[in-house]
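J.: okay, predicted coordinates and the sequence, questions at the end:
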Amino acid sequence: MKNLIKNIAIPVILGGIVGLIINPFMNYQNLNKPPLSPPGITFPIIWTILYIIMGYSFYKQNEQNKLIYYAQLFVNLLWSIFFFVFKWYLFSSLWIVLLIILVIIMIKKFYEENKISGILNIPYLIWLIFAAYLSFGVYFLN
């Protein structure tokens, strides 16, 4: 149980720290956004849920999958800084493609170890694809 709490807490806390870092730089409401862009309040809710799912699914994994999990988490956390702090919209859009690739690899490896763990991360992948659409949209429109 202790490891479960730790595995869930790590991405949630790191995501919260990044949220605090980027908060003074947030300009989402002022950006030209593509169609289907959700309101800004949607993002912290969705990300908190996804981080909890990520942590839970990682709890069910062996040590061999540690590297891909932490690699995708690191790339995930940096995206927000690149996008909101530095305003590197094109770079961020390409960076999220890297994240999608890492998450696909992670899902495959997680699925091989524990099918439920792999399946649980499919909403994460879908959200990332949608986020890539939003990121590229912001790049092209701003």
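T.: Received it, and whenever you're ready, just let me know what you need.
J.: going by C-alpha atoms from here, please, whenever you check contacts or count neighbours.
T.: Fine.
J.: pLDDT on the longest helix belonging to the chain, on average?
T.: Determined from DSSP state H, the single longest helix within the chain is helix 89-113. Helix 89-113 carries an average pLDDT of 98.
J.: now for that helix, which elements pack on it?
T.: helix 66-80, helix 115-120, helix 122-141 (3 or more Cα pairs under 8 Å, 6 or more residues apart in numbering; DSSP states H and E).
J.: what lies in contact with stretch 51-65?
T.: Applying Cα atoms under 8 Å, 6 or more residues apart in numbering, the contact partners of stretch 51-65 are 3-4, 7-12, 15, 66, 69, 106, 109-110, 113-114, 116-118, 120-121.
J.: just the buried residues out of those residues, in PyMOL syntax.
T.: Selection of buried members from the contacts of stretch 51-65 for PyMOL, criterion 16 or more other Cα atoms under 10 Å:
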select buried, resi 7+8+9+10+11+12+15+69+106+109+110+113+114+117+118+120+121
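J.: neighbours of G55, how many?
T.: Neighbourhood size, G55 [other Cα atoms under 10 Å]: 22.
J.: and the host helix or strand of it, how far from the chain's centre?
T.: In this structure, G55 sits in helix 42-59 according to DSSP states H and E. Centroid separation between helix 42-59 and its chain, computed with Cα atoms, centre = their mean, to the nearest Å, is 8 Å.
J.: now swap in stretch 85-101 and tell me
T.: 11 Å.
J.: stretch 15-35 now?
T.: With Cα atoms, centre = their mean, you get 14 Å for stretch 15-35.
J.: with adjacent residues omitted, what lies nearest to the residue most central in space within the chain?
T.: By Cα atoms, centre = their mean, the chain has its centre lying nearest to N76, at 4.5 Å. Nearest non-adjacent residue to N76, counting by Cα to Cα, 6 or more residues apart in numbering: L99, 6.4 Å away.
J.: tell me, how many residues neighbour that neighbour?
T.: Neighbour tally, L99, other Cα under 10 Å: 23.
J.: give me the contacts around stretch 121-131.
T.: L50, I53, M54, S57, I96, L99, I100, V103, I104, I107.
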